Structure formats: C-alpha cells, structure tokens
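Chemist: need a 3D model of the following:
(chains A and B)
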Amino acid sequence: MHRAPRGTADILPEQQRFWEFARTALAAAAQSFGYARIDTPIFEDAALFARAVGEETDVVQKEMYRFLDRGGQEVTLRPEGTAAVCRAYIEHGMQNLPLPVRLYYVCPMFRYDRPQAGRFRQFHQFGVEAIGDSDAAVDLEVLQLAAASMERLGLGEMTLALNSIGDAEDRPRYAAALREHFRPHLAHLGQDDRRRFETNPLRLLDSKELADESFTASAPRSADYLGDAARAHWEELLGSLDALGVPYRLDHTLVRGLDYYTRTVFEVHPAREGGQSAVCAGGRYDGLIAEIGGRPTPGIGFAAGIERLILNMREQGAEPPDAAAAPLVAAYRGARAKTEAARLAARVRSATGAPVVVAPERSLKGQLRYASAVGARGVFILGDAELERGAVAYRDMATGEQQEVPVEQAEDAARRSQA
RNA sequence: GUGGGCGUGGUCGAGGGGUUAAGACGCCAGGUUGUGGCCCUGGAGAUCGAGGGUUCGAUUCCCUCCGCUCACCCCA
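Modeler: Okay, the predicted model is just below:
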C-alpha cells in the first residue's frame, strides 16, 4: 500500500477551511501593509541556497533535497523563501522599482528533517521581504506586520523576541569575545558544540544543552559589540517600538541558523512552552543580495510556518468558517429522468453558480438519504410524472417543503430556498 | 544522525497462547408499491504492520525490520 512520503501530509477536505482561512488572512495582512505577492519556482540551482543560506548551516549540510536533473544540473527543492525572492529581485531588475520593494509569498518548502509535531519535510511558509531600504523604520514595519499577521489569525498571547547581531564587520570582534568566554568550558562541550566553537561560535548561544549553564547566561551580548551604524540602527528601532507601544522581549541568546542575517533578528513564540515553538522568525539580511551577485542591497523579512500557525489556531479553539457552500442534489427515477437530471444540473449550475451534483443511481429513498448525508440544501426530483408535465419537484431539505415548478424555473426555486 | 512510545476492518477501539477476533462510527441495502435526517433489520469490509523464532498451536511471548508518533539536534 502506498503512503504519503515521510514528513509529508495530505491536506484533506475537512482541514481546508483552516488553510483557506490562514492563506486569506495572511495575504490580507501583507496587502494591508502594501506588500505584493510573488511566487518563485519550487526548485532552484542548488548553488543559490548553498551560497545564500551558508555552506556551514544545518539547512544546507544535512537538510536540503539536492539532486541532478536529467540534464545533469544540480538543483535543490527550496528550503526557504528569502534567497529565491532575492534572486528574483536581482533577475528582474527590481532595483528600478520604488524602494523598498515589498513582497510576500505563501509557498511549500522542503527540508529533510526527522518529522515531529509542527515539523514536516514538506511544509508551507508565509513570508514577507522588504528589499532596498536599510532604515530602521522598515524593521519596525516588518515587526508590525508580523504582529498583525498573528492577530488576523486570531492568535493571542504571542511574544516577540528580539536581538541585534550587528553587521558582518562587527561579527569577528563578537565571535572572538564569545570564544574567549567559552574557551575555559571547552571540555564540557559536545562534539557539535566544539565544531561550532570554531566555525560559528554564535550558534553556541542557542545550544539547549548549555542553556541552563550559567556560562551561557553570562556570555557576552552581541548588542554590546555593534559598530556605530548598527548601534544607531538598533537604538532607533527600539525607540520606535517603545514609542508605538509594540511589546517585545530582548533575547541576547537569539541568533539565527541562517548565515545571511545581520543586525535585527527576531522570533515570535506562542505563550505555550514546548518544542518547535517559534511560529514566525526573521531578520535583516543586508549582505545577502551582494552575496548572490546583485549590487549591495539591504533587506529584511520573516517567514511563518503555516502548519505551526494552524496548530496554534486549533489549540486556541479557532473555528474558521467552511468556505464550501451546501450543494443541491438532482435526484431522478428512471433512465430518461436520469439524463434529464444531468441536463437540469448543468442548467442550475450555470444559472446560479451553486454546486449541484447528480444523485448516485439508487432508489429514490437512497438518493434522498444521500442528499441528507452530503448536507444538501435542496433536492430536485425528476420522475416520469414530472417529465410528462415538463416540471420538476424541488424539496427544501431544511424545511421539508416541496413544490413542483416548470423545469425552466428550477433555478428560481433553488434561489428562493437559499434566502 | 540519536532516544522514548505505539502498530487489531475506512476511522475509533475491546480482547487475549487454541475464539466464527467484540463493539461503536462510517459505508451499502431493506423496513411494500416515487421521498431524507431519528429508529429498526440485514450486509460488505481485518492474511490482528512485515519477516523470523519459541510452541502441538501465536494476532497474543521473544528477536529483527518497516511504519507512525513524540523528543533531541536544527528549524517555520
């Protein structure tokens, strides 16, 4: 028996109302901030993500789906959205648009992880990118949009964790300070952490093993190692957040697993504790576009995991409306009426736009039962008697009222019961 | 990659070394001659995840594998 591949999921009809609602609400949030939708391919040249996300990151080293296509090109299923959007920004000369360019997307992403609650190999992200302006006002806007997105979904009790990791030029000084701090404890560190000590000491900060240890809490803070420009930017951002009363929590251990981040980094967590809690995360990436071949261009954005958002919606008891309208059913008795039922169904569909299905071939009783089971609003009944008269019976399933009308007026009968 | 939990009809879920392997929901049919939702009756549907071992006998005990799931790592 075939199953959906590990880490993938069928989104079944009964779940679609959550997805419809989430996609619509998130798009509305983005659009209300002036963001326009963009879609990029599901796969890209492998080199794009390796370069943008960073060769040393877990995402690139062990989570990317990479393969050779039939032409011998190495491609990768996109593990995240930012690099692809930046590639499109460069490729289509968007620097000629009024800056910043504001874009959003809702797309599937792929990472070869071990699945668990809120984590899948194919998952979906809502993301936004504001490219071409380094002003702290844009950081503020993106943070506001993140908060607004959660609100649109009805998710309360979210906390915004915030940090600044400075510019690329500031990084070596800070990395050196971190190494200095952790060096005495090298013996306590595991294999992975020792490698990180060399390659990317920032990552030691969110090692959960070390989290309780006082030497993580007492580690030097990136925000204390900012260069003048990054510091001014950071202070302006905090000032405007305070001025607008946007709640946030400073978290100096917050660093991100993707190498392209600079300055502002943030995560949004639900109040509930637990693994995979980050429901939305992002930051500034002022070096990324130059890194992948564009002119030096600043940018900032975030991504939110739709599955995780829906998980939280369910936990909070959200009940999104069911978008699917109740259908009409065309029932019949006899071979000739069966054909007429199909004709009637077609006619009512195009006249009203309402969903109409022809009943399966069963006893009339069976057809009515079927209509009830699928939640039909009303049923047309065609039999020899009705055909003789060029008429059709229409039964309102909620009230049980039934009347006979000329076939040409069938759609009117349906409309009446709708009101 | 590592560790824990779990695998019985479509779903949920009893059971237990020898049974026709419960029950519920769902599905199909019927409850007279053309009419639903409730109710009643009947029916279809399970090699009890796979392979091996112990045993006279295993779905039940043991081992391995596979799958699902949760957690670690990391991430949305």
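Chemist: how much space separates A:Thr40 from RNA strand B?
Modeler: Using C-beta to the nearest atom of the strand, to the nearest Å, we find A:Thr40 at a distance of 16 Å from RNA strand B. Quick note: C-beta positions are derived from backbone N, CA and C, even for glycine.
Chemist: surely that residue is within a strand?
Modeler: No: A:Thr40 sits outside any strand when classified using DSSP: H, G, I helix; E, B strand; the rest coil, being coil.
Chemist: could you pull up the contacting residues of it?
Modeler: Neighbouring residues of A:Thr40 by C-beta atoms under 8 Å, 6 or more residues apart in numbering: A:Arg78, A:Gly81, A:Ala84, A:Val85, A:Arg87, A:Ala88, A:Tyr105, A:Cys107.
Chemist: could you single out the nearest of these to RNA strand B?
Modeler: Looking at the contacts of A:Thr40 and their distance to RNA strand B, the nearest is A:Gly81, at 9.2 Å (C-beta to the nearest atom of the strand).
Chemist: excluding its backbone neighbours, what's nearest that closest one?
Modeler: Excluding the flanking residues, the one nearest A:Gly81 by C-beta to C-beta, 6 or more residues apart in numbering is A:Gly127, at 4.4 Å.
Chemist: neighbours around that neighbour, how many?
Modeler: The local packing of A:Gly127 (other C-beta atoms under 10 Å) involves 25 other residues.
Chemist: any idea which element it lies in?
Modeler: Assigning secondary structure by DSSP states H and E places A:Gly127 in strand A:122-131.
Chemist: next SSE downstream of that strand?
Modeler: Scanning forward in sequence from strand A:122-131 by DSSP H and E, the next helix or strand is helix A:136-152.
Chemist: direction included, what does whichever helix or strand comes after that next one pair up with?
Modeler: Sequence order places strand A:158-164 as the next helix or strand after helix A:136-152, per DSSP H and E. Strand partners for strand A:158-164, identified by DSSP bridges, are recorded as strand A:249-250 (parallel), strand A:262-270 (antiparallel).
Chemist: quick one, what contacts A:Thr8?
Modeler: Remark: with contacts taken as C-beta under 8 Å, 6+ apart, A:Thr8 is in contact with A:Phe120, A:Arg121, A:Gln122.
Chemist: separation between the first one and RNA strand B?
Modeler: Put plainly, it is A:Phe120. 5 Å.
Chemist: tell me if I'm right that A:Val392 and A:Val379 touch.
Modeler: No: in terms of C-beta atoms under 8 Å, A:Val392 does not count as a neighbour of A:Val379; the distance is 10.3 Å.
Chemist: name the residue in those two with the higher neighbour count.
Modeler: Just comparing A:Val392 and A:Val379: by other C-beta under 10 Å the higher neighbour count belongs to A:Val392, 27 against 24.
Chemist: list the beta-bridge partners for the more buried one.
Modeler: The residues paired with A:Val392 through beta bridges, assigned by DSSP bridges, are A:Val405.
Chemist: from RNA strand B, how far out is it?
Modeler: Here the distance between A:Val392 and RNA strand B works out to 9 Å (C-beta to the nearest atom of the strand).
Chemist: you'd agree A:Ser61 is in a helix?
Modeler: Quick fix: residue A:61 reads Gln, not Ser. Yes: the assignment for A:Gln61 by three-state DSSP puts it in a helix.
Chemist: touching, it and A:Glu55? I think so.
Modeler: Yes: with contacts counted by C-beta under 8 Å, A:Gln61 reaches A:Glu55, the gap being 7.5 Å.
Chemist: pull up the overlap in contacts between these two.
Modeler: Shared contacts of A:Gln61 and A:Glu55, defined by C-beta under 8 Å, 6+ apart, are not found at any residue.
Chemist: for the helix or strand that contains A:Trp234, buried residues please.
Modeler: A:Trp234 belongs to helix A:228-244 when assigned by DSSP H and E. When burial is assessed from 16 or more other C-beta atoms under 10 Å, helix A:228-244 yields the following buried residues: A:Ala230, A:Arg231, A:His233, A:Trp234, A:Leu237, A:Leu238, A:Ser240, A:Leu241.
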